[in-house]
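In: The following block contains a protein sequence and its predicted model.
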Amino acid sequence: MLSEKQKAAAGQLYDANYDQELINERIVCKDLCFDYNSLRPSDTEARTALLKKLLGKTGNSFLIEQPFYCDYGYNIEIGENFYANVNCTVLDGAKVTFGDNVFIAPDCGFYTAGHPLDAEQRNKGLEYAYPITIGNNVWIGAHCSILPGVTIGDNTVIGAGSVVTKDIPANVVAVGNPCRVLKEIK
């Protein structure tokens, strides 16, 4: 029988609300986020060390502005030259992978978690988590929401305020709610 954590990793419905293992892991993560967000912005060594402890994988060159929030941390992988501005939220019930040279504007959210449409299942605390993959050289404008299961291709720009519900190919500018390709980048 699979644990709730194993079900989440397999993309199955899992109990995120009442499973003690997942609750404990989120508490550890929330404490680390609290510690990170409480550090002085000038204390770059401590900030870097804490993020390396919190996140599943980092490059050598990265900066995540405070405040930053996530659920587990260990499901987040960031590439080289990664930058996330203030109020970045990553609900990482599934893997969230950011390539190299990714730039994220303020108030963006990456949400692997979703809930069943069926009220009975939802009321039992069940949810699903689908991975998010962001390619290399991607720029995501302010106030964007990236939803479960989305992949954004290399060299793509996502316009401010977009809600990305489906995959976006490489080398395009995409905007809107729902986010759609506006033009190719040549």
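Out: Great, that's in hand. Numbers count the residues shown, from 1 in each chain.

In: okay, CA-based contacts and neighbour counts for the rest of this
Out: Will do.

In: Just name the shakiest helix or strand of this structure by mean pLDDT.
Out: helix 119-123 (a mean of 92; mean pLDDT, DSSP states H and E).

In: Can I get it in PDB? Just the C-alpha atoms.
Out: The C-alpha atoms that make up helix 119-123 are tabulated as PDB, following Å, rounded to 0.1, in the frame of the first residue of the first chain:
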ATOM      1  CA  ALA A 119     -17.300  17.700  -3.200                       C
ATOM      2  CA  GLU A 120     -17.200  14.400  -1.200                       C
ATOM      3  CA  GLN A 121     -13.600  13.700  -2.200                       C
ATOM      4  CA  ARG A 122     -12.600  17.300  -1.700                       C
ATOM      5  CA  ASN A 123     -14.200  17.400   1.800                       C
END
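
In: what helices or strands is the helix or strand that that helix is followed by leaning on?
Out: Next along the chain after helix 119-123, taking DSSP states H and E as the criterion, comes strand 126-129. Packing contacts for strand 126-129, counted by 3 or more C-alpha pairs under 8 Å, 6 or more residues apart in numbering; DSSP states H and E, involve helix 4-9, strand 14-15, strand 113-114.

In: just these: most buried one?
Out: strand 14-15 (a mean of 22; mean count of other C-alpha atoms under 10 Å).
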